[in-house]
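**Student:** Sharing a model prediction with you, sequence too.
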Amino acid sequence: MTKPLSDIVLGLKPSGIRKFFDIVSEMKDAISLGVGEPDFDTPWHIRDEGIYALERGKTFYTSNSGLKDLRKEICNYLNRHNGLCYNPDNEVLVTVGGSEAIDVGLRALINPGDEVIIPQPAYVSYEPCALLCGAKPVIIDLKAENQFRLTPEELEVVITEKSKVLILPFPNNPTGAIMERSDLEKIAEVVKKYDLYVISDEIYSALTYKGKHVSIAEIDGMKERTILINGFSKAYAMTGWRLGYACAPKEIIKQMTKIHQFAIMCAPTTSQYAAIEALKNGDEDVIEMRDAYDSRRRFLMQSFKEMRMECFEPFGAFYVFPSIKEFNMTSEEFATRFLEEERVAAVPGNAFGYSGEGYLRISYAYSIEKLKIAMERLKRFIERLRQR
């Protein structure tokens, strides 16, 4: 065998997030602010439902689409929170996390050579998933002066006759940026004008600190051209349960389910039973965790202000994205030295795309006690840099 491996796979870069996480896991007294994983335990009543499902022997395959009761509760949730009406029989697919939904959504829509428009900084999986299904990623560099929101002008200028899909990653990882209704209405007009489809990754929709989250699927004419993706990892602290979902027109869901059927079969059964309980009775848990995140967010913003460190105010997810441009170092250099000298791990902004260069992603899905220690170390670190 002269060339056993795929050129596309060989060309993919490893995740820049995991690198620092792996280093800090072996470093004594280090604090990691690098991984987007809630520090809360899954609420007990949700865990209990999972345990009860095991006790009842609910360990079989579910239908490829997921448990009917779960699909119904997903529809109830989206109707309750967003006024969206989906049919649980043919417009919902339960997936292994939101990441699988992104993958199968792209594979269901893309023909080789189609262009996928990806605003960055953004979650690290979008670009590799586009490449793996034969698409050409077209990157829009979001700007801090626009609060890292996507503008219709930025979108329209990159559209060609090969443009097929826009990925809409809001609330955003890593910036914490959000898109409000007025922003989405303008984007929707461009999408409809050029007959694009949207994959709207709304995994952080419940963690919004300014008004109510709006899905682009709520905008007139958009539900029929949108794959709405969400899940349970972030809002319900269920990362290890590996459960997400996609909602879309039945023609799209049918093809996504076909891919899911051959690649996965079905999402974990125990997790699905627990998720039914989460959607039925978990709203108060989400509010409690969101309030805690908001308190941490405000603490970090005040800390940056006191340090004279530039950071736009994020209103979604659980990340801040401070600028480190004043120090004339790359994001990688800054993060590496911060880890080596002060034993705090954060993720270089360029791990999320070229436009993330000059920034640092700090997650506040950690206790306020850890955040206070980390901010003391950051203050000490940047004071040394300013004295050079």
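**Tutor:** Thanks, I have it.

**Student:** Are we agreed that Pro137 is in a helix?
**Tutor:** No - counting by DSSP: H, G, I helix; E, B strand; the rest coil, Pro137 is located in no helix; its state is strand.

**Student:** Could you count how many residues lie near Leu166?
**Tutor:** 28 (other Cβ atoms under 10 Å). (Glycine included, C-beta is placed from N, CA and C.)

**Student:** show me the contacts for it.
**Tutor:** Residues in contact with Leu166, defined by Cβ atoms under 8 Å, 6 or more residues apart in numbering, are Val116, Ile117, Leu155, Ile187, Val191, Leu196, Tyr197, Val198, Ile199.

**Student:** In the chain, what helix or strand scores lowest on average pLDDT?
**Tutor:** helix 16-24 (a mean of 68; mean pLDDT, DSSP states H and E).

**Student:** hang on, isn't Phe148 packed against Phe315?
**Tutor:** No - Phe148 is not in contact with Phe315 according to Cβ atoms under 8 Å; the separation is 10.8 Å.

**Student:** and for the two, which residues touch both?
**Tutor:** With Cβ under 8 Å, 6+ apart as the test, Phe148 and Phe315 both reach Ala177.

**Student:** out of these two, which sits in the busier spot?
**Tutor:** Using other Cβ under 10 Å, the more surrounded residue of Phe148 and Phe315 is Phe148, with 26 against 18.

**Student:** mind listing what that one touches?
**Tutor:** Taking Cβ under 8 Å, 6+ apart, one finds Pro121, Leu142, Asn172, Thr175, Ala177, Phe312, Phe321 in contact with Phe148.

**Student:** roughly how far apart are the second one and Ala177?
**Tutor:** Distance, Leu142 to Ala177, using Cβ to Cβ, to the nearest Å: 7 Å.

**Student:** what residues are shared contacts of those two?
**Tutor:** Phe148, Arg149.

**Student:** ok, the two, which is more surrounded?
**Tutor:** Per other Cβ under 10 Å, whichever of Leu142 and Ala177 has more neighbours is Ala177, with 28 against 24.

**Student:** Verify the stated contact: Val347 with Ala335.
**Tutor:** Yes - with contact defined as Cβ under 8 Å, Val347 reaches Ala335; the gap is 6.8 Å.

**Student:** Mind checking which of the two has more residues around it?
**Tutor:** Per other Cβ under 10 Å, whichever of Val347 and Ala335 has more neighbours is Val347, with 31 against 26.

**Student:** The contacts of Leu166: which two are farthest apart?
**Tutor:** Spatial extent of these (Cβ to Cβ) is set by the pair Val116 and Ile187 at 15.5 Å.
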